[in-house]
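Q: Let's see this in three dimensions:
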Amino acid sequence: MNPTYQYDIQLPSHMDPDKKYPTIFTLHGKGSNEKNMLGLVAPVSDDFIIVGIRGNLILGAGFQYYELKSLGNPIREMFDQAVQQLEVFIHYATEKYPIDATKRYLLGFSQGAILSMALALTMGNQLKGIVALNGYVPDFVKIEYTLRSIHDVSVFVSHGEFDSVFPIRIGHETAAYFENQTSHLTFKTYPTDHGVSEENQRDFVNWLKKDAGVHS
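A: The predicted structure follows:
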């Protein structure tokens, strides 16, 4: 199978050939690329396989996974296709690499966070957890998608208090939505704009290690 997405994979430096590893799939923001996400997850690269998925649509000097009609309003057909293709890609990578299927995480920023949350809701406990940085769940996903239980899925949602793209109330609405879906929700806000602070990174790195049971 030829995957839909170009991707970058980093394997832990001291790999045990007989072992399967917890894995983080990263999803970048609109107009960015998979390399921009690597710095965020570098602190866990000894314990996790990192798969950076590049959006398959060119946008300026970067990439995106789907196009928008307007801010916060994805083109529905493109969004649906991205969710389906990303799920197929996750299964493709799991077959190809020594990935522990019980410890698969998605970590996304902005457009990547939106997709991470949609995938959690459609894949359910096929994922161990997600880290969603500065995103939201589109209403059509909540209402029209076939949703699986995420009761056992760990969810880390964070949002910038001064986010000029998705105002902070969207972060609170997103957290309230997930609070009703899982008992494993962590929600944090940071005094930032539409970005990821060092404190935010430190918090989700610690959360990932704890959730996956790795202690390096």
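Q: Chain neighbours aside, what residue packs nearest to Phe204?
A: Excluding the flanking residues, the one nearest Phe204 by C-beta to C-beta, 6 or more residues apart in numbering is Val131, at 4.9 Å. For every residue, glycine as well, the C-beta is placed using N, CA and C.
Q: Could I get the CA-only coordinates of the longest helix anywhere in the chain as CSV?
A: What stands out as the longest helix in the chain, according to DSSP state H, is helix 76-96. Only the C-alpha atoms of helix 76-96 are listed here, as CSV (Å, rounded to 0.1, in the frame of the first residue of the first chain):
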residue,chain,number,x,y,z
ARG,A,76,-16.9,19.2,4.7
GLU,A,77,-15.9,16.7,2.0
MET,A,78,-12.2,17.4,2.4
PHE,A,79,-12.4,17.1,6.2
ASP,A,80,-14.3,13.8,6.0
GLN,A,81,-11.7,12.5,3.6
ALA,A,82,-8.8,13.6,5.8
VAL,A,83,-10.3,11.8,8.9
GLN,A,84,-10.8,8.6,6.8
GLN,A,85,-7.3,8.8,5.2
LEU,A,86,-5.6,9.5,8.5
GLU,A,87,-7.2,6.5,10.2
VAL,A,88,-6.1,4.3,7.3
PHE,A,89,-2.6,5.8,7.6
ILE,A,90,-2.4,5.0,11.3
HIS,A,91,-3.3,1.4,10.6
TYR,A,92,-0.7,1.3,7.8
ALA,A,93,2.1,2.6,10.0
THR,A,94,1.1,0.2,12.8
GLU,A,95,1.6,-2.8,10.4
LYS,A,96,4.8,-1.5,9.0
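Q: Give the other helices and strands that that helix contacts.
A: In terms of contacts (3 or more C-beta pairs under 8 Å, 6 or more residues apart in numbering; DSSP states H and E), helix 76-96 is packed against strand 7-10, strand 21-27, strand 49-53, strand 99-109, helix 111-123.
Q: who wins for proximity to Ser197 among those?
A: strand 99-109 (12.3 Å; C-beta to C-beta).
Q: Just give me how far the closest one sits from the chain centre.
A: How far strand 99-109 lies from its chain's middle: 8 Å, per C-alpha atoms, centre = their mean, to the nearest Å.
Q: Give the partner strands of it in its sheet and their orientations.
A: strand 21-27 (parallel), strand 129-133 (parallel) (DSSP bridges).
Q: Next, the buried residues of the last one.
A: So the one you mean is strand 129-133. Judged by neighbour count using 16 or more other C-beta atoms under 10 Å, the buried positions of strand 129-133 are Gly129, Ile130, Val131, Ala132, Leu133.
Q: what does stretch 132-144 give?
A: By 16+ other C-beta under 10 Å, the buried positions in stretch 132-144 come out as Ala132, Leu133, Asn134, Gly135, Tyr136, Val137, Pro138, Val141.
Q: Kindly report the same for stretch 153-173.
A: Going by neighbour count (16+ other C-beta under 10 Å), the buried part of stretch 153-173 is 153-160, 163, 165-166, 170-171.
Q: on that earlier part again, export the strands paired with strand 99-109 to JSON lines and tack on distance to His215?
A: What follows is these, written out as JSON lines (distance: least, C-beta to C-beta, whole Å):
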{"stretch": "strand 21-27", "distance to His215": "12"}
{"stretch": "strand 129-133", "distance to His215": "17"}
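Q: which one of the ones you listed lies closest to Gln181?
A: Closest to Gln181 of the strands paired with strand 99-109, according to C-beta to C-beta: strand 129-133, at 11.8 Å.
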